[in-house]
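Colleague: need the 3D shape of this:
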Amino acid sequence: MSKPAFSGMTMAIAAFAAFTPAHTFAQSTGASPPDAAASSSSTQGADGAQRVEVTARIRRLNDARTGIQTQTGASIYTLDAQAINAMPGGDNVPLNQVLLQAPEVVQDSFGQFHVRGEHAGLQYRLDGVILPEGISVFGQTLDPRLIQSVTLVTGALPAEYGLRSAGIIDIKTKTDTIEPGGSIAIYGGSHGTVQPSINYAGGSGDVHYFVSADSLSSELGVESPDGSSNPLHDHTHQHHAFGYVEDVLDRDNRISAGAGTSVGSFQIPNLRGQQPSLGLTVNGQSDYPSDNLDENQREITHFGFLSYQHSSGPLDWQTSLMGRYSSLTFKPDELGDLLYNGLAQDAYKRNQAIALQSDAAYKLDAQHTLRGGVFIQRDLSLSRTTSQVLPIDDAGDTGTTPESIIDNSGKVELMESVYLQDEWQLLPSLTVNYGARFDHYDAYSHGSQLSPRLNMVWKATSSTTVHGGYSRYFSPPPFELVGSEDVTKFANTTAAPELAQADTPQAERAHYFDLGIDQVLAPGLTAGVDGYYKRSRNLIDEGQFGAPIILTPFNYAKGRQYGVEFKLNYAGRDLSAYANLAFQGARGQQIDSAQFNFGADDLAYIANHYIHLDHEQRVTASGGVSYLLMGTRLSADAIVGTGLRADETLPDGTGIPNGAHLPTYTQVNLGASHRFALGSAGDVTLRMDVVNLFDREYQIRNGTGVGVGASQYGPRRGIFFGISKSI
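Modeller: Have a look, this model is predicted:
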């Protein structure tokens, strides 16, 4: 899900304004965290007075909407718009790269990232609205230009968070500005990258809006498969747009709507200088240079929501209707894919979802706040696949004339959730949040669970905060990715699996424990440590099987994940710095669904052994510093990882799935930006960024491991320039 130019890049930590820290980490104390301050406006005349009144209403409603949710007992990490703009690349970078600076967020290929040893399991919320999941792999649907602040919520989550619980990406959009204005920009540089963009906010009376859009063209669309700076056949073209409008009806009510779109086309990069090795012949041809392969993928995502919010006295509630359309089309190189893989798949997947969400908070008294809500979602998923294969006769001889196998399917999923919880101020220094949620789903499989939750925050001293909790989790398999492929259709062909077993993925059920401490060491200097342990049944993982870049879910019968995070943050007037260090373990045993995707030897070994999950990185570190020098923001950051998992080959020729890990890597990035005030002509901002300063070549994946389909490398050195003009 990444834009190409910055794969693997983390961002600088400083804010654009000298006095604003770029990020914070904290635990909720039960109070509603404030939104970013609304823009001030002139108080001269009737128009100025009206703007002040509307701004006050918006600010009050934003605070009320934030207070509907609680993060008591969870670990939170927040970045605001100023922090994002101060990073190398600013808001030109994709959201997944922004989040790589958070503790224990591990980078992967195809723009993926992993939180606390989970493959996916992330839930995205926009102004409190849950966005239904999509199919897209590369496409970056949510653009940082629309973000006022983004918070990563992890740990033992309160009862309002369910279905996806590895992490909550909670985004507040730029909805607090009613003064007209925006910017137009162009950014680009290495890899033939060109990215124009525009954003604008405005309004009249009680109605105001925000829009943003960008277009990206680059010769680095997917991570390089061979470590080269300019991969072969790797062009991408992407378009993103978002719009938001709201009407503040009165002091207590507003209606809002938002919509976004992401459309991306990607060439699948080729390894140079290869020839087919399976010994196959297709219509008399057996040679095919890998340089000539021509595989392509197109991804489309559209989403929208309509919300009504009411806030009066002790009651705050918001009800929203959401919809999402997502599709993915993979076009193979039919001859080349047959010769290299024995299979050429023309694949199309589409998912349409509509959902209803309603959440409310009611303040009973000074000690108790009740929160509850419901969530209902209906998905329609379609899969259309035509596979070209070669037949194998009873004597084991392989034919040379391709045959087509059509495998089409469609399915509807229904999900229903309800939760209720009480936030209890047990003592002035102790807040306890307890509650439960009930989830049910019915799709390719079905299931339900009542999940209790208990969280607490203890303000031990004026400078020490302890948080912890226990959560029972229930996570249905990602419906939009589950396939109903009839593997028996491929019997006696070059695409026949070793095993024809294809049990349906099931919901994951887990127990999760978390405990952490935050300590203020000195003014502006904070430190934290957080430990977690998760034990699960039917642990959900995902893998890429075959040429199409479509992830497929499967289960481990047993799973366990655990780790500890250390965090340090300093925010001064001109200097900001941060450092994160995390250790993790993530293991699973016995693959009990979608078994046809695996070799018989791997299945036999995993049935009797806990193995490392392919996305486990034992040690992850990040750090950054930013300094404001005579009006110029200078920043540097680095990421360090011990490498994702790969298969280990033993001296006797046998192997251990995910038994090894790739080499340790370090990537350093630099950024510089300066804003020039031009008086009545507005402002102009110039920036320069260097990705992978030392041009270190490092591998993210080597093509081995459970569910790993290909090799990918981190980005080589790139230099980028940008200019933006206020409008």
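Colleague: only C-alpha atoms from now on, for both contacts and neighbour counts.
Modeller: Noted.
Colleague: hmm, Q519 is touching F566, no?
Modeller: No - applying C-alpha atoms under 8 Å, one finds Q519 not in contact with F566, separated by 11.5 Å.
Colleague: need the overlap of contacts for these two.
Modeller: Taking C-alpha atoms under 8 Å, 6 or more residues apart in numbering as the criterion, Q519 and F566 both touch A527, G528.
Colleague: following element in sequence after the helix or strand bottoming out on mean pLDDT in the chain, please.
Modeller: Sorting the helices and strands of the chain by mean pLDDT, DSSP states H and E puts strand 23-26 at the bottom, at a mean of 48. Later in the chain than strand 23-26, the nearest helix or strand by DSSP states H and E is helix 45-68.
Colleague: show the subsequent helix or strand relative to that next one.
Modeller: That would be, after helix 45-68 and using DSSP H and E, strand 75-80.
Colleague: dump the residue contacts of the nearest residue to Y570 once chain neighbours are set aside.
Modeller: Distance criterion C-alpha to C-alpha, 6 or more residues apart in numbering; nearest residue to Y570, sequence neighbours excluded, is L525 at 4.5 Å. Applying C-alpha under 8 Å, 6+ apart, we find L525 in contact with L568, N569, Y570, A571.
Colleague: any chance of a markdown table for these, columns pLDDT, secondary structure and distance to Q345?
Modeller: Below are the contacts of L525 laid out as a markdown table (pLDDT from 0 to 100; DSSP: H, G, I helix; E, B strand; the rest coil; distance: C-alpha to C-alpha, whole Å):
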| residue | pLDDT | secondary structure | distance to Q345 |
| --- | --- | --- | --- |
| L568 | 94 | strand | 48 |
| N569 | 92 | strand | 49 |
| Y570 | 92 | strand | 52 |
| A571 | 89 | strand | 52 |
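Colleague: list the strands paired with the top strand by length along the chain, with their directions.
Modeller: Longest strand in the chain by number of residues, with DSSP state E as the criterion: strand 403-427. According to DSSP bridges, strand 403-427 forms sheet pairs with strand 368-389 (antiparallel), strand 430-442 (antiparallel).
Colleague: leaving out the residues flanking it, which one is nearest to L613?
Modeller: Using C-alpha to C-alpha, 6+ apart, the closest residue to L613 is R587 (5.2 Å).
Colleague: for that neighbour, give me its contacts.
Modeller: G559, R560, Q561, Y610, I611, H612, L613.
Colleague: ditto for N608
Modeller: N608 sits next to Q589, Q590 when contact means C-alpha under 8 Å, 6+ apart.
Colleague: just the pLDDT for it.
Modeller: On the pLDDT scale, N608 is placed at 95.
Colleague: tell me the spacing between it and Y473.
Modeller: 25 Å (C-alpha to C-alpha, to the nearest Å).
Colleague: wait, A646 sits on G705?
Modeller: Yes - here A646 reaches G705: they are 4.5 Å apart, a contact under C-alpha under 8 Å.
Colleague: quick check: neighbours shared by those two?
Modeller: Counting by C-alpha under 8 Å, 6+ apart, the shared contacts of A646 and G705 are D614, P657, N658.
Colleague: could I get those residues as TSV with neighbour count?
Modeller: Output for the shared contacts of A646 and G705, formatted as TSV (neighbours: other C-alpha atoms under 10 Å):
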residue	neighbour count
D614	29
P657	23
N658	25
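Colleague: in strands, which of the residues you listed appear?
Modeller: P657, N658.
Colleague: which among the shared contacts of A646 and G705 gets closest to P548?
Modeller: In terms of C-alpha to C-alpha, no member of those lies closer to P548 than D614, at 19.2 Å.
Colleague: mean confidence score for stretch 420-427?
Modeller: Per-residue scores along stretch 420-427 average to 97.
Colleague: which residues are in contact with it?
Modeller: Residues from elsewhere that reach stretch 420-427 (C-alpha under 8 Å, 6+ apart): 30, 159-160, 366-373, 431-437.
Colleague: tell me the SS of the residue nearest the centre of the chain?
Modeller: Nearest residue to the geometric centre of the chain (C-alpha atoms, centre = their mean): N96, 5.5 Å. Assigned by DSSP: H, G, I helix; E, B strand; the rest coil, the conformation of N96 is helix.
Colleague: okay, the nearest residue to S724 once chain neighbours are set aside: pLDDT?
Modeller: Closest residue to S724 apart from its sequence neighbours, by C-alpha to C-alpha, 6+ apart: A185 at 4.0 Å. A185 is assigned 96 on the pLDDT scale.
Colleague: and A185, how many neighbours does it have?
Modeller: Here the number of neighbours of A185 (other C-alpha atoms under 10 Å) works out to 19.
Colleague: could you do R701 as well?
Modeller: R701: 26 surrounding residues under other C-alpha under 10 Å.
Colleague: and the strands in the stretch 451-600 of the chain?
Modeller: 464-475, 508-522, 525-544, 551-571, 575-591 (DSSP state E, counting those that start in this stretch).
Colleague: any chance of those in JSON lines, plus distance to T141?
Modeller: Formatted as JSON lines, the strands of the stretch 451-600 of the chain follow (distance: least, C-alpha to C-alpha, whole Å):
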{"stretch": "strand 464-475", "distance to T141": "23"}
{"stretch": "strand 508-522", "distance to T141": "26"}
{"stretch": "strand 525-544", "distance to T141": "20"}
{"stretch": "strand 551-571", "distance to T141": "17"}
{"stretch": "strand 575-591", "distance to T141": "27"}
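Colleague: out of these, nearest to N341?
Modeller: Nearest to N341, of the strands of the stretch 451-600 of the chain and by C-alpha to C-alpha, is strand 525-544 at 14.2 Å.
Colleague: next, the angle from the closest one to strand 75-80.
Modeller: Relative orientation of strand 525-544 versus strand 75-80 (axes from the mean of the first three to the mean of the last three C-alpha atoms, to 10 degrees): 100 degrees.
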